[in-house]
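> Sequence first, predicted model second:
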Amino acid sequence: MKRLLRFFTFYLVSFLIALGLHTASFAAEVTQQTTPAGFQYWHYPIPSAKRSAVVITWPSGISTLPAGQEVAARLGIDLMLNGGAGGKTPDELIADFGDLDAGSRLFVTPEEIVGFIVTPNKEAFKAATIANLVLKQPTFSANWFKRQKQKLVQQSIGRNKVVLGIGWSLSREIMMPNHSYKNYYSLLPLAELKSFELETIKKWHQTAFATDGVTIVATGTTDVQQLGEAIDKALEGLPTKQAKFVHRTLKINVPGKVVIFHAPKASKSMILTFGKAPAAKARQDVYLNTALGVLGYGKRSRLFKAVRTGLRASYGFRAGYIDYTRNQRLFHMSGEVETSKLQAGLDTVRQTYNEFRKDGIGFIEFPFARRYYRQRIEASLLKPRDAAYLLMNGRMNGASLNDFTSLSTQIDNMSRDQVNKFIKKEFAPFNQLLTIIVTPNATAVKGDCIITAYDQWKSCF
């Protein structure tokens, strides 16, 4: 009966934009191009698209910052995006992009900084001119610095008042206790964040956007000359030499424990379960995304139907994964749960996961899962923004030039047996996963220990 019900397990793989796939196209080919100034980039044409996207990645990330001050990079990005540039106010820059019907994005991870420009094809150069101001001449005003720092401080305080924020912060305390990336992701320590000086950010900015190590991809228009000129404009006048740095190696440890965090003021409870997932790699990523899609994405997924629809104990339950670095990836299952049904919710998650790991994807549901996955990938490859992000992630994960044209074939050739073998191999038994429960009632569920503060986690081991 369960297998017949699984016939209706249609799902959407939400990870298309965040994943490190070696990506593919079903129509066009990726070529290597060179801009007039000599920058090499990968180009994926989308002839039907009226917009283009350019993604530029700098390899510095947070590694040029002093140990303990890594969060300053996030503050620096906020200030660049919100503090004005090139003598223009923030509102003027927003209006300039709006006039072009263009947009941009800039964000930092521990290993790299990523910048996006998405624009109508004919406006690429003008949009790149605005982006160049932000990259090269951010205002870095003292008043805006104070405003953005206070905003980040409040964000740090706020996330540790909600069950979701508490759960994720505690997970990092346990799995990466002595690593600076923990503070970067958790916006801690708060005292350090409050003490940041504007000069730290200015010094970071001086070398973070150097052009000698950039990786560039572009999608959309077939006019490579136009794209090349826009890329050159975006990078014009930036430093040419990257500061010497070494990324701090991160190795995540996932202990098999159920840790209860007692939060008396919480209005509801939260279950979060974590396990190691394989690093981004060609071929097996299609297995990972197929597996997690069936397990926990959308209202027809196994976890949602079991915990929300069946038990009616939660507001929704899902599965996904996070890349803390390109080599350190976790899958997670999570959802808010009514405290009165907390034990039943945990038991249901455990049972659903164990059945999934034991039996894999059902015979009837697999072809539908595979077909829908392929449709979603191909839909994304018709959107310049999505395609550019997929291409950049594949490029950064070591894809070859032709890998982008093979993903549809990989999905078509993927067999149910291959995916289910992958599930049994890569998804650890539930008792080897880390489960964190945040709840106002510490006696509502059984666990290995009960703590009331982050620094008490070691008492559980």
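Received, thanks.

> From now on I want contacts and neighbour counts done on CA atoms only, so please keep to that.
OK.

> what about the helix or strand encompassing residue 391, average pLDDT?
Assigned by DSSP states H and E, residue 391 belongs to helix 384-396. What helix 384-396 shows for mean pLDDT is 92.

> Tell me which helix or strand comes right after it.
According to DSSP H and E, the helix or strand after helix 384-396 is helix 407-413.

> Please spell out which residues along that following helix are buried.
407-408, 410-411 (16 or more other C-alpha atoms under 10 Å).

> Please produce CSV containing these, extended by pLDDT.
Converted to CSV, the buried residues of helix 407-413 look like this (pLDDT from 0 to 100):
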residue, pLDDT
407, 80
408, 83
410, 85
411, 89
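
> hey, where'd the helices end up in the stretch 201-350 of the chain?
For the stretch 201-350 of the chain, the helices defined by DSSP state H, counting those that start in this stretch cover 224-235, 284-296, 302-303, 342-359.

> most tightly surrounded among those?
The highest mean neighbour count among the helices of the stretch 201-350 of the chain, using mean count of other C-alpha atoms under 10 Å, belongs to helix 302-303: a mean of 28.

> That one: how far from the chain's middle?
22 Å (C-alpha atoms, centre = their mean, to the nearest Å).

> List of residues touching that helix?
9, 294-296, 317-319, 349, 352-353 (C-alpha atoms under 8 Å, 6 or more residues apart in numbering).

> So which of the residues you listed sits lowest on pLDDT?
The lowest pLDDT within the contacts of helix 302-303 belongs to residue 9, with 31.

> re earlier: tell me the one of the contacts of helix 302-303 nearest residue 241?
Closest approach to residue 241 among the contacts of helix 302-303 (C-alpha to C-alpha): residue 319, at 41.2 Å.

> give me the number of residues near that closest one?
If you count neighbours by other C-alpha atoms under 10 Å, residue 319 ends up with 24.

> need the contact list for it.
Counted by C-alpha under 8 Å, 6+ apart, residue 319 has contacts 292-293, 295-297, 303, 331-334.

> quick one: it from residue 210, how far?
According to C-alpha to C-alpha, to the nearest Å, residue 319 and residue 210 sit 37 Å apart.

> In this structure residue 275 contacts residue 333, no?
No. Contact criterion C-alpha atoms under 8 Å: residue 275 and residue 333 do not qualify, at 9.0 Å.

> And the contacts of the helix or strand hosting residue 104?
Using DSSP H and E, residue 104 sits within strand 103-108. With contacts defined as C-alpha under 8 Å, 6+ apart, strand 103-108 is touched by 61-62, 73-74, 77, 81, 97, 113-119, 127, 131.

> again with stretch 194-211
58, 60-61, 64-65, 69, 72-73, 75-76, 135, 140, 142, 145, 149-150, 153, 235, 238-243.

> For the closest residue to residue 237 other than its chain neighbours, grab the count of nearby residues.
Residue nearest to residue 237 in three dimensions, not counting chain neighbours: residue 136, with 7.0 Å by C-alpha to C-alpha, 6 or more residues apart in numbering. Using other C-alpha under 10 Å, residue 136 is surrounded by 20 other residues.

> Ok, residue 207 next?
When neighbours are defined as other C-alpha under 10 Å, residue 207 has 18 of them.

> just residue 126 next, same as before
Neighbour number of residue 126 under other C-alpha under 10 Å is 18.

> dump the residue contacts of it.
100, 230.

> what distance separates the helix or strand where it lies from the middle of the whole chain?
Using DSSP H and E, residue 126 falls within helix 124-136. Its chain's average C-alpha position is 25 Å from that of helix 124-136, according to C-alpha atoms, centre = their mean.

> Equivalent analysis for stretch 315-326, please.
9 Å.

> then it to CSV, C-alphas only?
The C-alpha trace of stretch 315-326 is given here as CSV (Å, rounded to 0.1, in the frame of the first residue of the first chain):
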residue,chain,number,x,y,z
TYR,A,315,3.9,23.3,10.5
GLY,A,316,5.9,21.5,7.8
PHE,A,317,8.9,19.1,7.7
ARG,A,318,11.6,19.1,5.1
ALA,A,319,15.0,17.8,4.1
GLY,A,320,17.9,19.6,2.3
TYR,A,321,21.6,20.1,2.4
ILE,A,322,24.1,22.9,3.2
ASP,A,323,27.6,23.3,1.9
TYR,A,324,29.6,24.8,4.7
THR,A,325,32.6,24.5,2.4
ARG,A,326,32.8,22.8,-1.0
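
> In it, which residues are buried?
For stretch 315-326, a neighbour-count test (16+ other C-alpha under 10 Å) marks 316-321, 323-326 as buried.

> how about those residues in JSON lines, adding distance to residue 231?
Compiled in JSON lines, these are given as follows (distance: C-alpha to C-alpha, whole Å):
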{"residue": "316", "distance to residue 231": "42"}
{"residue": "317", "distance to residue 231": "42"}
{"residue": "318", "distance to residue 231": "39"}
{"residue": "319", "distance to residue 231": "37"}
{"residue": "320", "distance to residue 231": "34"}
{"residue": "321", "distance to residue 231": "32"}
{"residue": "323", "distance to residue 231": "28"}
{"residue": "324", "distance to residue 231": "28"}
{"residue": "325", "distance to residue 231": "27"}
{"residue": "326", "distance to residue 231": "25"}
